[in-house]
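**Student:** Task: produce atomic coordinates for the following.
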Amino acid sequence: MVSTTAGYEVEAAGVDPDTGTHRFEYDSGDTSPCMAVVSSLASVLGVDAVDLEPIHTTVEPDALNALVGKQGDESVRVTWTHEGHVVTVDGPGVVTVAPVDPQPASSERAMRDSAETVQRRAPQSPEQ
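**Tutor:** Have a look, this model is predicted:
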């Protein structure tokens with residue numbers, strides 16, 4: 001595990017470059033789900049944890065910890081929006097953080113850009 005700017009250990013388990021979704025893993029025996037979320041968000045946003053909006057403004061920390069803490073059911077998934085990102089805690093040990101408005105996939109982006117170029121180059125009909 002790697003310590004983040006928040007001081008709790010989470011490990012970056014991957015990033016989807018098309019959607020900007022970050023996946024983190026943490027040891028639920030050492031780190032609570034709430035602290036893992038704070039560490040993960042701070043890492044994604046590149047800020048210190050104290051600069052984040054307090055997590056209790058969007059989710060009840062004690063309830064989250066009870067649902068997916070050490071003794072939590074691995075089939076429990078909790079998802080909410082915080083700091084402009086969709087945060088998901090998948091049972092004890094996994095946090096994903098994705099932008100609310102993900103960038104289109106590179107192939108979709110290329111198709112959109114290509115369509116815009118074709119529209120700009122289309123000949124204009126003469127006025128009558």
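
**Student:** where does this protein dip in pLDDT?
**Tutor:** Applying pLDDT under 70 to the chain flags residues 1-8, 70-73, 102-128.

**Student:** for it, what spans make up the helices?
**Tutor:** All helices of the chain, identified by DSSP state H, fall at 33-45, 61-68, 106-121.

**Student:** outside of stretch 51-71, which residues touch it?
**Tutor:** 28-29, 32-34, 37-38, 41-42, 45, 72-73, 76, 78, 80-83, 89-92 (C-beta atoms under 8 Å, 6 or more residues apart in numbering). (Glycine included, C-beta is placed from N, CA and C.)

**Student:** The residue lying closest to residue 74 once chain neighbours are set aside: neighbour count?
**Tutor:** Leaving aside its chain neighbours, residue 74 sits nearest to residue 91 (3.8 Å; criterion: C-beta to C-beta, 6 or more residues apart in numbering). Residue 91 has 16 neighbours, counted by other C-beta atoms under 10 Å.

**Student:** Quick check, residue 91 in contact with residue 77.
**Tutor:** Yes. Residue 91 is within contact range of residue 77, at 7.2 Å (criterion: C-beta atoms under 8 Å).
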